[in-house]
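**Q** quick one, what's the 3D model for this:
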Amino acid sequence: MDACNAYYYGTRDPFGARGDFTTAPEVSQMFGEMVGAALADCWMRAGAPADAIYAELGPGRGTLAADALRVLRSAGFAGQVHLVETSPVLRDAQKEAVTGAIWHESIDDIPLQPLLLVGNEFLDALPIQQWVGAAERRVLVAAGGLAFDRDGDVTETSPAREQAVGAIASRLAAKGGVALFIDYGHARSAPGDTLQAVSSHGYSPVLADPGEQDLTSHVDFEAVARAATGAGTVASALVSQGEWLNALGIGARAAALAAANSDRADELAAQVQRLTGRDQMGELFKVMAIRSPAWPELAGLR
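**A** You can find the predicted model right below:
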């Protein structure tokens, strides 16, 4: 999974109608604006530390960062921007969207300063292990293709995901800040095979065309919370994306945009429905924040 995704993201821009999938920041500017508003509010209630920095993990085309930073800058945030991205193709797109950013290969390279960090659909792409009973499920070369070496009731773990969350949490505990994670997943650890592949906006067999399709798994948010609290931070409640965006006032933002652009009213309403509707992205995607004990809770997650 790690090798396939490294090649996949390193060799293409997979986003949008011409790619394999569409993420929330590409649906509407309002998504990034809500993220920026929540971070700005939290930063100000924490005393507006001047040395705070904005960081994003796997920032796609830079769309979310650009929209969030527009709101943050308007609130007086003047900190540096740090993007963790290994794909040269996506770095080129991010350079067009976010001026003055500093790029890193790894979370460990982010400076030790107060953090306003975002990971939107980042944790789902980190590699997992699957277990059938006590035996690890592995991938074999068989009959000219790839196959799993065993079947049965599957349990998933992700040491890479827990390590990433722990590294972020250690920085937050030491220097202050908040990290916001938005992803599809489940609230409680439970057995089940959630590994999936997406290509051309549809699901594909997970072992087909290695490196040519996006591989993800559902995020175990209970495990995320354990990793965060174990490193000295506070994990918020888990809420749906729709509930969170509505609590932040995405409807009011859409109304304001529609008042200034009357010809876009239907388009904006459709965007809100896509982001918040229970039958679209609103219920599938979940939101959790982890924070330094010295920082306030992020709005909408109390």
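**Q** and for Thr86, nearest residue in space, chain neighbours not counted?
**A** Take Thr86 and drop its neighbours on the chain: the residue closest to it by C-beta to C-beta, 6 or more residues apart in numbering is Glu105, 5.7 Å away. Glycine gets a C-beta too; all of them are placed from N, C-alpha and C.
**Q** contact partners for the residue nearest the centre of the chain?
**A** Taking C-alpha atoms, centre = their mean, the centroid of the chain lies closest to Asn120, which sits 1.7 Å from it. Neighbour list for Asn120: 23-25, 35, 56, 58, 60, 64, 181-183 [criterion: C-beta atoms under 8 Å, 6 or more residues apart in numbering].
**Q** which one (most neighbours) among those residues?
**A** Within the contacts of Asn120, most neighbours by other C-beta atoms under 10 Å means Val35, with 30 neighbours.
**Q** so that one makes contact with Ala66?
**A** No. Val35 sits out of contact with Ala66 when judged by C-beta atoms under 8 Å, with a separation of 11.2 Å.
**Q** three-state assignment of Asp183?
**A** strand (DSSP: H, G, I helix; E, B strand; the rest coil).
**Q** any idea what the residue nearest to the centre of the chain is bridged to?
**A** With DSSP bridges as the criterion, Asn120 is bridged to Ile182.
**Q** now the residue in the chain sticking out farthest from the centre, what are its backbone angles?
**A** Using C-alpha atoms, centre = their mean, the residue of the chain lying farthest from its centre is Ala143. It sits 36.7 Å away. Per-residue torsions, Ala143: phi 50, psi 40 (degrees, to the nearest 10).
**Q** heads up, I number from 841, so please use that
**A** Yep, numbering from 841; the last one is Ala983 now.
**Q** relative to Asp989, how far out is it?
**A** Note on Ala983: its distance to Asp989, by C-beta to C-beta, to the nearest Å, is 13 Å.
**Q** next: Arg913.
**A** 52 Å.
**Q** one more: Ile968?
**A** From Ile968 over to Asp989 (counting by C-beta to C-beta), the distance is 16 Å.
**Q** as PDB, could you dump the C-alpha coordinates of stretch 1041-1061?
**A** What follows is stretch 1041-1061 as a C-alpha-only set of coordinates in PDB (Å, rounded to 0.1, in the frame of the first residue of the first chain):
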ATOM      1  CA  HIS A1041     -14.500   8.000  -9.600                       C
ATOM      2  CA  GLY A1042     -15.400   4.400  -9.000                       C
ATOM      3  CA  TYR A1043     -14.300   1.500  -6.800                       C
ATOM      4  CA  SER A1044     -11.900  -1.100  -8.300                       C
ATOM      5  CA  PRO A1045     -10.400  -4.400  -7.100                       C
ATOM      6  CA  VAL A1046      -7.800  -3.500  -4.500                       C
ATOM      7  CA  LEU A1047      -5.000  -5.600  -6.000                       C
ATOM      8  CA  ALA A1048      -5.500  -4.600  -9.600                       C
ATOM      9  CA  ASP A1049      -3.200  -2.200 -11.400                       C
ATOM     10  CA  PRO A1050      -0.800  -1.500  -8.500                       C
ATOM     11  CA  GLY A1051       0.400   2.100  -8.400                       C
ATOM     12  CA  GLU A1052      -2.300   3.200 -10.900                       C
ATOM     13  CA  GLN A1053      -5.200   3.700  -8.400                       C
ATOM     14  CA  ASP A1054      -5.700   5.300  -5.000                       C
ATOM     15  CA  LEU A1055      -5.500   2.900  -2.100                       C
ATOM     16  CA  THR A1056      -7.200   3.900   1.200                       C
ATOM     17  CA  SER A1057      -8.800   2.400   4.300                       C
ATOM     18  CA  HIS A1058     -11.300   3.700   6.800                       C
ATOM     19  CA  VAL A1059      -9.700   5.600   9.700                       C
ATOM     20  CA  ASP A1060     -10.100   4.100  13.200                       C
ATOM     21  CA  PHE A1061     -10.700   7.300  15.100                       C
END
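**Q** tell me the buried residues in that stretch?
**A** 1044, 1046-1047, 1050, 1053-1061 (16 or more other C-beta atoms under 10 Å).
**Q** tabulate these (CSV), appending distance to Tyr849, pLDDT and secondary structure.
**A** Below are these laid out as CSV (distance: C-beta to C-beta, whole Å; pLDDT from 0 to 100; DSSP: H, G, I helix; E, B strand; the rest coil):
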residue, distance to Tyr849, pLDDT, secondary structure
Ser1044, 16, 95, strand
Val1046, 17, 96, coil
Leu1047, 19, 96, coil
Pro1050, 14, 94, coil
Gln1053, 11, 95, coil
Asp1054, 8, 95, strand
Leu1055, 10, 97, strand
Thr1056, 12, 97, strand
Ser1057, 16, 98, coil
His1058, 19, 97, coil
Val1059, 18, 98, strand
Asp1060, 22, 98, strand
Phe1061, 23, 98, helix
